[in-house]
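Peer 1: what's the 3D shape of this:
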Amino acid sequence: MTNSDQPTRSWFSFRKLCVLLLIAAVFCLISFAVRHWLPETPVSRIRDLGGEIQYTNNFPPVFGSLIGGIRSITIPSSKKVQVTDEIISSLGEQPRLSVLTLGNLQNPTSITDHGLVSLKNYPLQYLSITGGSITDAGLNELRKIPTLSVLSLNEVDITGEQFQATPAWSKLEILQLNGSKLTNAGLKQLCTIPNLFFLNLSNTSIDGDSLQHLSNLKKLSDLNLDNTNITSESLNHLSAVKPLRTLSMQGTAFNDAHVRQISNVKQIEFLMLSNSQVTDQGLIPLTKMENLKKLFLSNTSISDAGVAHLIQSKSLLKLDLSSNTHITDDVIQILLKIPQLKVLNLSEGQLSDDAIRSLQKSGMIFYFMEPSLFSTMYTAGGI
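Peer 2: Numbers count the residues shown, from 1 in each chain. Below you'll find the model as predicted:
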């Protein structure tokens with residue numbers, strides 16, 4: 001290369017840099033114009049409501065609305081602004097919208113069945129709505145979204161009795177109806193959804209008779225019965241749900257009688273009994289569960305004597321004893337005798353720092369957050 005070539009190449013590189021800077025400046029100007037000259041676009045409206053937006057690309061938000069479509073919208077509601085049917089209709093055309101979250105338990109929506117009609121225009125895969133006067137008619141409208149895989153309808157008026165199954169809902173795998181008005185007859189109807197593997201029935205008024213219909217869900221592996229009035233005898237129906245691996249029975253309605261019955265459901269691997277009335281004696285039947293790997297007993301009356309029964313458990317890997325005031329430092333030697341135990345939660349209890357350090361030196365792994373069933377279902381196979 002001659003010396004005369006060098007200035008030419010340097011000039012060429014400088015021109016390329018100028019072109020790139022000019023393109024970036026144009027994008028910024030266009031974005032500025034969109035945000036300031038079109039203030040009533042869906043994007044600005046959502047943000048004015050305190051909502052969050054994610055795009056289908058990884059570019060900064062200033063370019064996101066220009067280069068890619070909206071992938072996710074979250075509008076949480078607030079004391080000042082409540083999510084209504086009108087807000088849903090104002091979302092505009094969103095051909096790539098796959099995730100939509102509306103309202104929360106602190107600030108529920110006021111959405112009605114009518115507001116759900118327009119949602120069929122979006123390729124939603126995840127839909128979560130908390131609050132509102134949504135009935136079975138609204139649930140049937142949502143059947144018209146064939147792409148749905150996760151549906152969470154919390155604190156709504158759905159009974160399920162008028163639900164009409166459809167082959168178009170073959171992709172729905174996760175259904176959460178926490179705090180809904182679901183009935184026994186309604187649960188029977190919902191058990192016709194072919195590919196459900198996760199079902200949340202917490203805080204509903206179903207009783208034990210309806211559990212017999214769960215055997216129709218051939219892929220059901222995760223079930224949440226928190227704060228329901230399920231009778232202990234009815235839990236025998238769960239033995240027929242062969243894929244069932246994860247069960248949550250948290251709340252004061254559950255006691256030793258429920259544990260005795262659930263110990264006959266041999267396929268259970270993950271059992272949550274936190275905030276329940278289970279006692280030391282109630283843990284004895286759990287030692288018969290040959291596949292039990294994870295056990296959550298947070299905020300119960302379990303003592304060292306109860307934990308001692310778990311020495312007979314040959315499969316237990318993970319144990320949560322957090323917020324138990326009857327657990328003392330004497331539990332250390334007991335825990336070390338549980339054959340497969342590797343992971344512990346002993347937070348918010350009475351154990352001394354020395355006791356915790358002693359367990360850590362022995363190889364125990366500690367964690368400090370009790371997960372919800374929904375947040376752990378994807379890792380049910382691990383510890």
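
Peer 1: Quick one: name whatever helix or strand follows the helix or strand bottoming out on mean pLDDT in the chain.
Peer 2: Across the helices and strands of the chain, mean confidence by mean pLDDT, DSSP states H and E is lowest for helix 61-67: a mean of 50. Helices and strands here follow DSSP states H and E; after helix 61-67, the next one along the chain is strand 70-75.

Peer 1: tell me how far that following strand is from the chain's mean position?
Peer 2: Relative to the chain's own centre, strand 70-75 is displaced by 17 Å; criterion: CA atoms, centre = their mean, to the nearest Å.

Peer 1: quick one: the helices in the stretch 251-383 of the chain?
Peer 2: For the stretch 251-383 of the chain, the helices defined by DSSP state H, counting those that start in this stretch occupy 256-262, 304-309, 331-335, 353-361, 373-376.

Peer 1: what's the closest of these to L153?
Peer 2: helix 373-376 (13.7 Å; CB to CB). The way it works is simple: take the backbone N, C-alpha and C, and place the C-beta from them, glycine included.

Peer 1: Could you pull out the strands in the stretch 251-383 of the chain for me?
Peer 2: For the stretch 251-383 of the chain, applying DSSP state E, counting those that start in this stretch gives strands covering 270-272, 294-296, 318-320, 343-345, 365-366.

Peer 1: Give me the below-cutoff pLDDT ranges for the stretch 51-200 of the chain.
Peer 2: In the predicted model of the stretch 51-200 of the chain, residues 57-68 satisfy pLDDT under 70.

Peer 1: how about the strands in it?
Peer 2: Counting by DSSP E, counting those that start in this stretch, the strands of the stretch 51-200 of the chain are 52-55, 70-75, 99-102, 126-130, 150-154, 174-176, 198-200.

Peer 1: okay, the ones you listed in CSV with mean neighbour count and distance to H258 next?
Peer 2: Shown next, in CSV, are the strands of the stretch 51-200 of the chain (neighbours: other CB atoms under 10 Å; distance: least, CB to CB, whole Å):
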stretch, mean neighbour count, distance to H258
strand 52-55, 16, 40
strand 70-75, 20, 37
strand 99-102, 20, 33
strand 126-130, 21, 28
strand 150-154, 21, 24
strand 174-176, 20, 22
strand 198-200, 23, 18
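
Peer 1: got CSV for these, with distance to S44 too?
Peer 2: Shown next, in CSV, are those (distance: least, CB to CB, whole Å):
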stretch, distance to S44
strand 52-55, 10
strand 70-75, 13
strand 99-102, 18
strand 126-130, 23
strand 150-154, 27
strand 174-176, 31
strand 198-200, 35
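
Peer 1: Those strands: which one's closest to D226?
Peer 2: Taking those one by one with CB to CB, strand 198-200 is closest: 8.3 Å.

Peer 1: Which neighbouring elements make contact with the closest one?
Peer 2: strand 174-176, strand 222-224, helix 373-376 (3 or more CB pairs under 8 Å, 6 or more residues apart in numbering; DSSP states H and E).

Peer 1: Identify the residues contacting L175.
Peer 2: Counting by CB atoms under 8 Å, 6 or more residues apart in numbering, L175 touches L151, S152, L190, I193, L196, F198, L199, N200.

Peer 1: just S276 next, same as before
Peer 2: M249, Q250, G251, T252, A253, F254, N255, H258, T300.

Peer 1: With pLDDT added, can I get those residues in JSON lines?
Peer 2: JSON lines is the format used below for the contacts of S276 (pLDDT from 0 to 100):
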{"residue": "M249", "pLDDT": "98"}
{"residue": "Q250", "pLDDT": "98"}
{"residue": "G251", "pLDDT": "97"}
{"residue": "T252", "pLDDT": "97"}
{"residue": "A253", "pLDDT": "96"}
{"residue": "F254", "pLDDT": "98"}
{"residue": "N255", "pLDDT": "98"}
{"residue": "H258", "pLDDT": "98"}
{"residue": "T300", "pLDDT": "97"}
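
Peer 1: Okay then, goodbye and thanks.
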